[in-house]
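>>> mind looking at a prediction? Sequence and model below.
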Amino acid sequence: MHVLKRTGWTVFIGMLPALVIYIGIALVPIGMSFYYSFFNWDGLSPMRYIGLDNFTSTLKDSVFWKGVGNNLIMMATGLLGQLPLGLFFALMLNRGLRGIKAYRSMLFLPVVISAVIVSIIWGMVFKIENGMLNGLLELVGLGSWQQDWLGNPKLGMLSISVAYIWQNYGFYMVIFLAALQNISAEIKEAAVMDGATGWKQFWYVTLPMLKETIWVTLVFAISNSFRVFDLIYVMTAGGPAHNTEVMTIYMYNNAFQNMSFGGGSAVSMLILVFSLIAIYAANLLTRRSQ
Amino acid sequence: MHTSRFKLSVVHAFLAVLCFLNVLPLVWMVISSFKSENEFAVNPMGWPKLWDFSNYANAWKVAHLGTYFWNSLYVTVLAILLTVLLGALASYFISRFDYKFTKWAYALFIIGMTIPIHATLVPIFILMKKIGLLNTHMSLVLPYTAFHLSITIFILVGFMKSFPKDIEESAIIDGAGVYRIFWSIILPMTRPALATVIIINFIYNWNEFLFALVLINKEPLKTLPLGLANFTGTETKFQTMQMAALAMALAPVLAFYLLLEKQLVQGMTAGAVKG
């Protein structure tokens, strides 16, 4: 049928612009990153093939492993901070409460603010002089606790974690809220008839019904924790002395500060591998527990 | 089952306190932005003794906010137009035509939602340099479009698929071509989903930082997040002026959010939430 054939071409041509931009700028570069990672290259002089040297030198660098450790802290922050807090607020709001919309709007608000603005604001909150946190401590008579929250090597990542939780828990809250509202009233009533109320109902009825949603949020939280960049870059740029550096910042510094495009590409490949491993591990763990 | 009135008011009080704590950093910032630098140094917490608006005028000038606003708006709007137009067209073919080719294309677009942009940064920088787009608005418009086509197509295909099968039939009998059907029938019907897609694209593009950091280093071309990060990094002495700049940068997003919250939340969580 020649009409269909003609439509086939029309369809192809219609999709072409979207495909070209998408493949050219989103997909092909991943392959190019992989390719670059085997070369010594500053973007100007000729590329020199060096095999796995970029990878071995990165894996030998203690600063890189500091970044990996901090990424794990960000992951734990997401999994142990953002998800439970999101679930908690979703459960709080999932009842016939007046003003639920206002509460939800306020709790979700940080999600739509740019990470740059979030980190500048939190940078001011944590500031040693005239910072909000130190000011609050003074007000409640805990002035002796005041300190340089981001500069302290022990507290730097913890402070960043607080800002990271603030920025994102609302996202998970909304996801959980939607899932909770999909649980039918009949199931809850049946649970109450069987004597399951409060914690029991949550543990034996609600939580199992959220399994699918929890899995999705786990994957989101893990992959997001490997992508954190703006928040830390603007707040501390990874300092002081690499104390708050994460892999993406290490990658950026490598590629665009030291002009080592091969080295930077190798790090970006490692980030990809690490986050895939983390997601795979989470998959194994949750399957085993089911 | 009725929760007792007492218990409800406890829940309300509890939630109100937590919500207040949640927005406290923002409230503190806005209040402080009306203080002079001197007053802020002496009294960083409480209300300003004198509400001083001069920080706003100064910040607008010193921080070049006007330039950054304009750049952000230009890049954001252009990228939205491109993303939504090309995305809608692709979604139409994917959702209404049953070729093997369209299925493959859909799968390809969906993969994009999992790509970490960091893995593409170096090649995109080199690409933009080679084609001479480095330090132009287009160097941002193209990546923004490429990376947001995935979520755009995901949402639009889901919506267009729900239209009844025979919707195009009479149009075909009347002799309308494929593009005519897209433009006069499908696109108008897709309006609610288009709104969602435009809103989330706006938020993503307006807030983007990493591409701007790598691809733009000329002052007159910087977008709002890049310009702000730069400004607060250099003018560290003038905190209340910085706060005024932040408040101004925050205002449009805040207004946008409060007006269009429902569609924004729907869009941002699409894919994670079914239905």
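Sure, I can see it.
>>> grab the most central residue of the chain for me.
All of this refers to chain A. A:Asn224 (2.2 Å; Cα atoms, centre = their mean).
>>> sorry, should have said chain B
Most central in chain B (Cα atoms, centre = their mean) works out to B:Ile203, at 1.2 Å.
>>> pretty sure that one contacts B:Val265?
No - contact criterion Cβ atoms under 8 Å: B:Ile203 and B:Val265 do not qualify, at 10.7 Å. The way it works is simple: take the backbone N, C-alpha and C, and place the C-beta from them, glycine included.
>>> and the lowest mean pLDDT element among the helices and strands of chain B?
Least confident element among the helices and strands of chain B, by mean pLDDT, DSSP states H and E: helix B:169-173 (a mean of 81).
>>> show me where chain A has strands.
Ranges of strands in chain A, per DSSP state E, are A:39-40, A:48-49.
>>> and the first one, which strands flank it?
Looking back up the chat, that one is strand A:39-40. strand A:48-49 (antiparallel) (DSSP bridges).
>>> chain center to the partner strand, what's the gap?
34 Å (Cα atoms, centre = their mean, to the nearest Å).
>>> span of stretch A:195-206 from start to end?
End-to-end distance of stretch A:195-206: 14 Å, with Cα to Cα, to the nearest Å as the criterion.
>>> got a list of contacts for it?
A:91, A:180, A:183, A:187-188, A:191-192 (Cβ atoms under 8 Å, 6 or more residues apart in numbering or on different chains).
>>> coming back round to it: the least confident helix or strand of chain B near chain A at all?
No - using Cβ under 8 Å from any Cβ of the partner chain, helix B:169-173 stays clear of chain A, coming no nearer than 9.5 Å.
>>> now that helix - C-alpha only, CSV.
This file holds the C-alpha atoms of helix B:169-173, laid out as CSV (Å, rounded to 0.1, in the frame of the first residue of the first chain):
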residue,chain,number,x,y,z
GLU,B,169,-10.3,8.8,10.8
SER,B,170,-12.8,11.4,9.6
ALA,B,171,-9.9,13.9,9.1
ILE,B,172,-8.2,11.4,6.8
ILE,B,173,-11.4,10.9,4.9
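>>> C-terminal to it, what's the next element?
Sequence-wise, the next helix or strand downstream of helix B:169-173 (DSSP states H and E) is helix B:178-181.
>>> which residues touch that following helix?
By Cβ under 8 Å, 6+ apart, the surrounding residues in contact with helix B:178-181 are A:7, A:10-11, A:14, B:168, B:171-172.
>>> if we go to 10 Å?
Residues outside helix B:178-181 that contact it (Cβ atoms under 10 Å, 6 or more residues apart in numbering or on different chains): A:6-7, A:10-11, A:14, B:89, B:92-93, B:96-97, B:167-168, B:171-172, B:174, B:187.
>>> any of these buried? List them.
A:7, A:11, A:14, B:89, B:92-93, B:96-97, B:168, B:171, B:187 (16 or more other Cβ atoms under 10 Å in any protein chain shown).
>>> tell me which element the residue lying closest to B:Phe40 once chain neighbours are set aside is part of?
Ranked by Cβ to Cβ, 6 or more residues apart in numbering or on different chains and with sequence neighbours excluded, the top spatial neighbour of B:Phe40 is B:Thr240, at 4.9 Å. Taking DSSP H and E as the criterion, B:Thr240 maps to helix B:239-268.
>>> same question, B:Phe20
Assigned by DSSP H and E, B:Phe20 falls in helix B:5-32.
>>> thinking again about what came up before, what angle separates the helix holding B:Thr240 from helix B:5-32?
Put simply, helix B:239-268 runs at 130 degrees to helix B:5-32, going by axes from the mean of the first three to the mean of the last three Cα atoms, to 10 degrees.
>>> and helix B:239-268, average pLDDT?
Taken as a whole, helix B:239-268 has an average pLDDT of 91.
>>> so for that helix, what gets flagged as buried?
Neighbour counts over helix B:239-268 (16+ other Cβ under 10 Å) mark B:239-250, B:253, B:256-257, B:260-261, B:263-268 as buried.
>>> my guess is the residue nearest to the centre of chain B meets B:Thr76, correct?
Yes - counting by Cβ atoms under 10 Å, B:Thr76 is a contact partner of B:Ile203 at 9.4 Å.
>>> ok, back up a step: pick the most buried one from the strands of chain A.
Using mean count of other Cβ atoms under 10 Å in any protein chain shown, the stretch among these with the largest mean neighbour count is strand A:39-40, at a mean of 18.
>>> residues in contact with the nearest residue to A:Met209 once chain neighbours are set aside?
Excluding its sequence neighbours, the residue lying closest to A:Met209 (Cβ to Cβ, 6+ apart) is A:Ile183, at 5.3 Å. For A:Ile183, the residues meeting the contact criterion (Cβ under 10 Å, 6+ apart) are A:94, A:205-206, A:209-210.
>>> tally of neighbours for A:Val43?
One correction, residue A:43 is Gly, not Val. A:Gly43 has 16 neighbouring residues, counting by other Cβ atoms under 10 Å in any protein chain shown.
>>> cool, and B:Pro164?
By other Cβ under 10 Å, 7 other residues sit near B:Pro164.
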